[in-house]
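1. Next input, structure requested:
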Amino acid sequence: MRVRMGYPEGNAEREILRAEAGVAQLENLRPVLSAADVVEIQQAVAQVTSTESLITYLLNIVTKNPRVRISFSRSFSPGLADALNRAAQAMAFLEGRDYCTPERFQAAGSPPSSPTA
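-> Just a heads-up that it's a prediction; the model follows:
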């Protein structure tokens, strides 16, 4: 997966450079989740369901959709389908749902959109 962050706005880039490439900020970092919190979230994501028809749909996307093939640089494997399913589960969880939808599979398998200027 890839996340595009874009460029900092205004004086933010100047401040980044002044902060000794961020090293000075490391001392200010504080955890926002404990290890137990991360495990709890992982377990909750694993409970998000994908119906049998959605799994078939996912396999069709991975094996037959030319647009999805273009967005991946490696050959397809069961691991790719599993990774897309897990990404879709995580996205559904973040949306507050305990089930996947076809749109989640499509979003998980699509290249990120370009940031607008």
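2. And the next helix or strand past the worst-scoring helix or strand of the chain on mean pLDDT?
-> Least confident helix or strand, the chain: helix 66-71 with a mean of 50, by mean pLDDT, DSSP states H and E. The helix or strand immediately downstream of helix 66-71 is helix 78-94, counting by DSSP states H and E.
3. Check which helices and strands that next one is in contact with.
-> When contacts are defined as 3 or more C-beta pairs under 8 Å, 6 or more residues apart in numbering; DSSP states H and E, helix 78-94 packs onto helix 35-46, helix 52-64, helix 102-109. (C-beta placed from N, C-alpha, C; glycine too.)
4. pull the CA atoms of it into PDB?
-> Extracted C-alpha coordinates of helix 78-94, given in PDB (Å, rounded to 0.1, in the frame of the first residue of the first chain):
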ATOM      1  CA  PRO A  78      -3.000 -15.800  -3.000                       C
ATOM      2  CA  GLY A  79      -1.100 -13.400  -0.800                       C
ATOM      3  CA  LEU A  80      -2.200 -10.500  -2.900                       C
ATOM      4  CA  ALA A  81      -5.900 -11.400  -2.500                       C
ATOM      5  CA  ASP A  82      -5.300 -11.900   1.200                       C
ATOM      6  CA  ALA A  83      -3.600  -8.500   1.500                       C
ATOM      7  CA  LEU A  84      -6.500  -6.800  -0.400                       C
ATOM      8  CA  ASN A  85      -9.000  -8.500   1.900                       C
ATOM      9  CA  ARG A  86      -7.200  -7.400   5.000                       C
ATOM     10  CA  ALA A  87      -6.900  -3.900   3.700                       C
ATOM     11  CA  ALA A  88     -10.600  -3.800   2.900                       C
ATOM     12  CA  GLN A  89     -11.300  -5.100   6.400                       C
ATOM     13  CA  ALA A  90      -9.200  -2.400   8.000                       C
ATOM     14  CA  MET A  91     -10.900   0.300   5.900                       C
ATOM     15  CA  ALA A  92     -14.300  -1.000   6.900                       C
ATOM     16  CA  PHE A  93     -13.300  -1.100  10.600                       C
ATOM     17  CA  LEU A  94     -12.100   2.600  10.300                       C
END
